[in-house]
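Trainee: My questions concern the predicted model and sequence given below.
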Amino acid sequence: MHDLDQFTETITICDEECPYDPKRKIALVMCENCSNQEEVDVVSVENGKGTVYGFMCSQCGHFNQPCE
């Protein structure tokens, strides 16, 4: 379970709005396969758009590619 109090901002990643913790630079991003929310490191944020590397879902094992 995620402590949503830490996610004080919202950014857009892959055209999806995601809760964002600016102190830890972590966003909650949904797996494109099973919709499980994963804590993902955000590489950069510019004009409300976040950039992340791909990530592996801890629930289903699907690798979520970074979006262009």
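Mentor: Perfect, I can see it now.
Trainee: Just list the residues touching E9, thanks.
Mentor: E9 sits next to P19, Y20, D21, P22 when contact means CB atoms under 8 Å, 6 or more residues apart in numbering. C-beta coordinates here come from the backbone N, C-alpha and C atoms, glycine included.
Trainee: C60 contacts M30, doesn't it?
Mentor: No - the pair C60 and M30 fails to qualify as a contact (CB atoms under 8 Å) at a distance of 11.7 Å.
Trainee: List just the nearest of the contacts of E9 to V43.
Mentor: Distance to V43, by CB to CB, is smallest for Y20 among the contacts of E9, at 12.6 Å.
Trainee: tell me which residues of stretch 32-50 are tucked away?
Mentor: Q37, E38, E39, V40, V42, V45, G50 (16 or more other CB atoms under 10 Å).
Trainee: Bridged to the residue nearest the centre of the chain, which residues?
Mentor: Taking CA atoms, centre = their mean as the criterion, V29 is the residue nearest the geometric centre of the chain, at 3.1 Å. Beta-bridge pairing of V29 under DSSP bridges involves E38.
Trainee: if we can go back for a sec, C60 and M30: which has the busier surroundings?
Mentor: M30 (17 against 11; other CB atoms under 10 Å).
Trainee: With adjacent residues omitted, what lies nearest to that one?
Mentor: Q37 (5.6 Å; CB to CB, 6 or more residues apart in numbering).
Trainee: what residue ranges in this structure score low on pLDDT?
Mentor: Along the chain, segments meeting pLDDT under 70 span 1, 68.
Trainee: one more time with 80, if that's ok
Mentor: Across the chain, the ranges flagged by pLDDT under 80 are 1-3, 68.
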